[in-house]
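Participant: A structural model of the following input is requested.
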Amino acid sequence: MIIDLLWLIFGAATFIQIIYFLFIYGKLSYFYHDQSGATADQNQEGVSIVIAAHNEVHNLRKLIPLLFEQNYPAFEVLIINDRSYDDTRLLLEQMMKEYPMLRTVTIEYTPEHVTAKKYALTLGIKVAKYDILLLTDADCLPVSENWIRRMTHPIRNAEKTFSLGYGGYDRAKGFLNALIQYETWFTAIQYFSFALWNAPYMGVGRNLAYRRKYFMDQKAFKNLWQILGGDDDLYVNRHAKKNNTAVVIHPEGITRSIPKKTFKEYYIQKTRHYQAGKYYKATDKAKIGLYAISHLFFWATSIVLISITQKWEPIVVIVSIILTRALLQFSTFNRAIKKIEGQKKVLWTMFFDLMYLSYFWIIGAKGYLSKTVRWK
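Facilitator: Numbers count the residues shown, from 1 in each chain. Coordinates of the predicted model:
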């Protein structure tokens with residue numbers, strides 16, 4: 001009886017996993033083709049690049065000159081200096097002399113009833129010159145001079161309100177960096193795929209664009225002020241719809257930032273990210289959770305069945321199913337990564353799949369229950 005139940009769960013979990021890889025994530029991997037022609041567009045409406053920075057003088061020293069190399073005729077760079085006590089203010093004062101389209105907002109304190117980054121972004125967005133906002137972080141660098149064109153193309157030319165982009169991380173040696181790369185790819189595959197299925201549920205603040213007017217009409221982060229984090233994914237979760245949201249999936253439209261160097265730093269970062277997830281809409285929790293639960297049951301039941309089965313024939317069947325799923329995952333992930341980044345193949349996807357399973361349920365549970373995460 002118990003063995004029959006385990007086989008039933010194993011079969012159901014396998015079926016759900018195949019559906020996700022072939023059809024849901026396959027929407028990006030097998031069927032999506034970029035046809036935007038973003039670099040040849042005619043509408044060149046102005047863009048405000050908005051960046052909240054807290055003690056980021058070293059990153060801003062690299063980022064600001066790079067932003068002013070963008071191949072776009074009308075844009076400004078707006079840095080919100082959020083309570084910095086390093087040399088950020090001095091650097092900005094010097095750079096504003098060199099770059100006339102660089103503007104700053106200085107924040108001396110944050111009210112108790114709001115979270116720091118939301119408050120900083122809101123004050124900056126209020127004084128932004130242009131209606132199209134392109135947001136990134138101080139430690140992020142665009143990889144192409146056409147980043148502005150790519151990321152704002154759906155808003156300028158397709159009358160969209162939100163444009164969801166990809167924010168990657170610099171590559172380095174070591175297991176931690178490999179895990180960060182895998183998790184970042186997988187997260188992007190998820191939110192890009194659901195957005196392509198007209199069901200957007202999140203974006204990343206490292207690379208996100210939306211209309212200023214819409215932001216102001218919705219009263220900024222209304223009902224989100226008390227939530228730690230979520231200035232990007234929760235704002236998108238609340239307001240992005242099938243008709244007002246597009247994705248930018250092109251190697252010229254991505255940013256890269258500095259990855260965490262230690263497991264402790266990475267743990268704190270992911271705890272903050274997962275903490276916001278508990279405020280997602282119920283339907284979005286369900287579509288993410290269904291994959292996560294079937295993923296857990298797939299590996300748990302397959303391991304248990306192999307360990308308790310006395311005959312070799314069922315073991316061969318189980319191992320064959322595991323290998324088939326691994327090949328499907330390898331194909332789905334690598335096709336998606338090639339479209340997102342234009343290069344790079346990830347090997348050992350089954351190994352990282354098991355690593356992801358472990359930390360998702362450990363760090364995810366910690367983040368879901370946490371009430372003490374903060375921006376900086």
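Participant: can you pull out the helices in the chain?
Facilitator: Assigned by DSSP state H, the chain shows helices spanning 2-19, 26, 57-67, 88-98, 116-126, 147-157, 175-196, 212-217, 233-239, 263-277, 282-308, 312-341, 349-369.
Participant: could you give me the buried positions within the fifth one?
Facilitator: Pointing back at helix 116-126 there. If you call a residue buried by 16 or more other C-beta atoms under 10 Å, then helix 116-126 has these buried ones: 116-125. All C-beta atoms are positioned from the backbone trio N, CA, C, and that covers glycine.
Participant: and the two most separated of the residues you listed?
Facilitator: Maximum pairwise distance in the buried residues of helix 116-126, criterion C-beta to C-beta, is 14.9 Å, between 116 and 125.
Participant: need the pLDDT of the residue nearest to residue 32 when sequence neighbours are not counted.
Facilitator: Nearest residue to residue 32 in three dimensions, chain neighbours excluded: residue 196, at 6.0 Å (C-beta to C-beta, 6 or more residues apart in numbering). As predicted, residue 196 sits at a pLDDT of 97.
Participant: and residue 196, how far is that from residue 355?
Facilitator: When C-beta to C-beta, to the nearest Å is applied, the distance between residue 196 and residue 355 equals 27 Å.
Participant: same check, this time on residue 330
Facilitator: Counting by C-beta to C-beta, the gap from residue 330 to residue 355 is 15 Å.
Participant: just to revisit the earlier point, list the residues that contact the residue nearest to residue 32.
Facilitator: For residue 196, the contact set (C-beta atoms under 8 Å, 6 or more residues apart in numbering) comprises 27-28, 32, 247.
Participant: cutoff 6 Å now
Facilitator: Taking C-beta atoms under 6 Å, 6 or more residues apart in numbering, we find residue 196 in contact with 27-28, 32.
Participant: now do residue 51
Facilitator: 79, 138.
Participant: likewise for residue 270?
Facilitator: residue 363.
Participant: give me the neighbour count for the nearest residue to residue 48 once chain neighbours are set aside.
Facilitator: Once flanking residues are discounted, residue 48 sits nearest to residue 128: 3.9 Å by C-beta to C-beta, 6+ apart. Residues within reach of residue 128, counting by other C-beta atoms under 10 Å, total 21.
Participant: now swap in residue 42 and tell me
Facilitator: Neighbour count of residue 42, defined by other C-beta under 10 Å: 6.
Participant: tell me the pLDDT of the nearest residue to it once chain neighbours are set aside.
Facilitator: Once flanking residues are discounted, residue 42 sits nearest to residue 157: 7.8 Å by C-beta to C-beta, 6+ apart. The confidence metric pLDDT takes the value 92 at residue 157.
Participant: how close does the residue lying closest to residue 236 once chain neighbours are set aside get to residue 32?
Facilitator: Closest residue in space to residue 236, ignoring its immediate chain neighbours: residue 203 at 4.1 Å, by C-beta to C-beta, 6+ apart. For residue 203, the distance to residue 32 (C-beta to C-beta) stands at 17 Å.
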